[in-house]
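Q: Would you be able to build a 3D model of this:
(one chain, ligands or ions: 3)
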Amino acid sequence: MHLAPRIMVTGGAGFIGSFLCERLLDQGAEVLCVDNFFTGTRSNVAHLMGNPRFELMRHDVTFPLFVEVDQIYNMACPASPIHYQFDPVQTTKTSVHGAINMLGLAKRTKARILQASTSEVYGDPEIHPQEESYWGNVNPIGPRSCYDEGKRCAETLCFDYHRQHGVEIKVARIFNTYGPRMHPNDGRVVSNFIMQALRGEDITIYGDGSQTRSFCFVDDLVDGLIGLMNTDTGVTGPINLGNPGEFTIKELAELVIEMTGTSSQLVQKPLPQDDPRKRKPDITRARNTLGWEPQVKLRDGLEKTIAYFRELHAAG
Ligand code: NAD
Ligand code: UDP
Ligand code: UDP
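A: Ligands and ions are numbered 1, 2, ... in the order given. Prediction:
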C-alpha cells in the first residue's frame, strides 16, 4: 500500500528538476527521478541518493516507460540555446515523443501531469508583458524552432489528451530561471556572466545589450510548479511562472560586475538569430489562481548564485 504520493520528475537531474525533487522529498513524497543525463548530472542529485524515498533512473523519455505513479512533472528537455541547438532533432523528439509517452503513461495510470512549457512559446513577442492569451510570434523554421515549436506541440498534446482522454493536465509556461546548480558552461546569460566575472574574463554581451529578460530565482519557481500541480482538477493552465522584474542584459552585466567586484570588461558579440527583443511575464493568472508570486529579488538571488559559482570556481 502506498501512503506517500509517488511522483515522477523527468529531467530530475537537471537544474530546475533537482530542486523540485529535493522539495518533493521534503514534503514526504516518493520521488522517481528519470533522466538521460544529456545536460543533467548525477552530482545534482547526489545529496538525495541516501533518501530511501528517492530513486534515480537513467532513461530517455523519447522511449516508452512503464512505471506506476500518481503525479508526473515532465521537465525533460535541454533549456539552454547552445544545448538545445546541439542536436535539434533530438530536442524536438524530446518535447514531442516525450510528451506523448508521458501523457500515455498518465492516461494509463490516471496520474496528473504537469508539462514544463516555456515563455519561448511567445517567440519574439509583439505584446508586452506577455499574457497567456497571446498566441505568440514564433519562427517555425529557425535555429530556435526545435525548442519553441517542440514545446508548443507538447502543449497541444496536453490539451488533446485532456479533451480526448480526460487526462488531468497542468501547463506551466516558465520564464528565465536562474540559481545554484546551473551548469557553468550552460551558455545561459546568468551563468555566463558570473563565470566570466569570476575568471576575470570579458563579459560577453550579445548585441547592444538593450534586449530585456525577467529572471526568476529557482526556489520561487519550484513553489509555483508545486502550487500549480496541486490546484483543483479544473485548472489546466497555461499559467505563466516567472518574475515580472524586467532588466536589460546590460543592466544584468553591470550588476554582476558590481556584486563580484571583478575587473572584467564588457565586450559585444553578435546577437544570435531570432533572439527575442524583450520578455516579461504577466503573472496575474498565477497570482489569482495559485496565490503565487516570486519573493526573491534579483540581487538576493544573484548573491546565492554567485556564492555557488565561487565555490565551484575555487574547486577548479
Ligand atoms: P536542464 O538542461 O538543466 O535540465 C533538463 C534535464 O532534462 C536534464 O537533466 C537533461 O539531462 C534532461 N533531459 C534532456 N533530454 C532528455 C530526454 N530525452 N530524456 C530524459 N531526460 C532528458 O534545464 P532546466 O533549466 O532545468 O529546465 C528544465 C525544464 O524547464 C525544461 O523542460 C525547460 O524547457 C523548462 N524551462 C526552463 C527555463 C529556464 O530558464 N531554466 C525556462 C523555460 C522553461
Ligand atoms: N506509453 C508509455 N507508458 C505507459 C503507457 C503508454 O510510455 O504507461 C506510451 C505508449 O508506448 C505510446 C504513448 O505512450 O507510445 C502514447 O500512449 P497512448 O495510450 O496514448 O497511445 P497508443 O499506445 O494507443 O499509441
Ligand atoms: N546573452 C548575452 N550574453 C551571453 C549569453 C546570453 O548577452 O553570454 C543574451 C542572449 O542573447 C539573450 C539573453 O542574454 O538576449 C538571455 O539569453 P539566455 O540564453 O540566457 O536565455 P534566452 O535567450 O533563452 O532567454
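
Q: Quick check: Gly104 touching Pro64?
A: Yes. With contact defined as C-beta atoms under 8 Å, Gly104 counts as touching Pro64 (7.3 Å). (C-beta placed from N, C-alpha, C; glycine too.)

Q: So which of the two has more stuff around it?
A: Set Gly104 next to Pro64 and count neighbours by other C-beta atoms under 10 Å: Gly104 wins out with 17 against 12.

Q: now Met8, what's its secondary structure?
A: Secondary structure, DSSP: H, G, I helix; E, B strand; the rest coil: Met8 is strand.

Q: ok, which stretches of the protein are helices?
A: For the chain, the helices defined by DSSP state H cover 15-26, 81-84, 88-109, 145-165, 189-199, 218-229, 249-260, 284-290, 298-314.

Q: which parts of this structure sit against ligand 3?
A: On the criterion C-beta under 6 Å from any ligand atom, ligand 3 has as its neighbours in the chain the residues 80-81, 176, 188-189, 192, 204-206, 211, 213, 249, 272, 275.

Q: 8 Å - rerun?
A: 79-82, 119-120, 144, 176, 187-190, 192-193, 196, 203-207, 209, 211, 213, 249, 252-253, 269, 271-272, 275-276, 279 (C-beta under 8 Å from any ligand atom).

Q: Which entries within the residues you listed meet the buried criterion?
A: Buried residues within the residues of the chain next to ligand 3, defined by neighbour count using 16 or more other C-beta atoms under 10 Å: 79-81, 119-120, 144, 176, 188-190, 192-193, 196, 203, 205, 209, 211, 213, 249, 252-253, 276, 279.

Q: Could you list the low-confidence segments of this protein?
A: Across the chain, the ranges flagged by pLDDT under 70 are 1-2.

Q: So which bits of it are right by ligand 2?
A: Residues of the chain lying near ligand 2 (C-beta under 8 Å from any ligand atom): 63-67, 100-105, 107-109, 161, 165.

Q: Straight-line length of stretch 178-189, end to end?
A: One end of stretch 178-189 to the other measures 9 Å (C-alpha to C-alpha, to the nearest Å).

Q: Contacts for that stretch next, please.
A: Contact with stretch 178-189 is made by 15, 18-19, 39, 41, 44, 79-83, 176, 190-192, 195, 213, 215-219, 249, 252, 301-302, 304-305, 307-309, 312, as judged by C-beta atoms under 8 Å, 6 or more residues apart in numbering.

Q: Show me how far that stretch is from its chain's centre.
A: Averaging C-alpha positions (C-alpha atoms, centre = their mean, to the nearest Å) puts stretch 178-189 11 Å from its chain's average.

Q: can you check stretch 149-162 too?
A: From the chain centre to the centre of stretch 149-162 is a distance of 17 Å (C-alpha atoms, centre = their mean).

Q: Could I get the CA-only coordinates of that stretch as PDB?
A: Provided in PDB are the C-alpha atoms of stretch 149-162 (Å, rounded to 0.1, in the frame of the first residue of the first chain):
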ATOM      1  CA  GLU A 149       7.800  24.500 -31.700                       C
ATOM      2  CA  GLY A 150       8.500  21.300 -29.700                       C
ATOM      3  CA  LYS A 151       7.200  23.000 -26.600                       C
ATOM      4  CA  ARG A 152       4.200  24.400 -28.500                       C
ATOM      5  CA  CYS A 153       3.400  20.900 -29.700                       C
ATOM      6  CA  ALA A 154       3.800  19.500 -26.200                       C
ATOM      7  CA  GLU A 155       1.200  22.000 -25.100                       C
ATOM      8  CA  THR A 156      -1.100  20.900 -27.900                       C
ATOM      9  CA  LEU A 157      -0.700  17.200 -26.900                       C
ATOM     10  CA  CYS A 158      -1.500  18.000 -23.300                       C
ATOM     11  CA  PHE A 159      -4.800  19.800 -24.300                       C
ATOM     12  CA  ASP A 160      -5.800  17.000 -26.700                       C
ATOM     13  CA  TYR A 161      -5.100  14.200 -24.100                       C
ATOM     14  CA  HIS A 162      -7.200  16.300 -21.700                       C
END
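
Q: Just the buried positions in it, please.
A: Result for stretch 149-162 [16+ other C-beta under 10 Å]: buried residues 149-152, 154-155, 157-159, 161-162.

Q: so, in contact with ligand 1 or not, stretch 67-75?
A: Yes. Remark: stretch 67-75 sits within contact range of ligand 1 at 74-75, by C-beta under 8 Å from any ligand atom.
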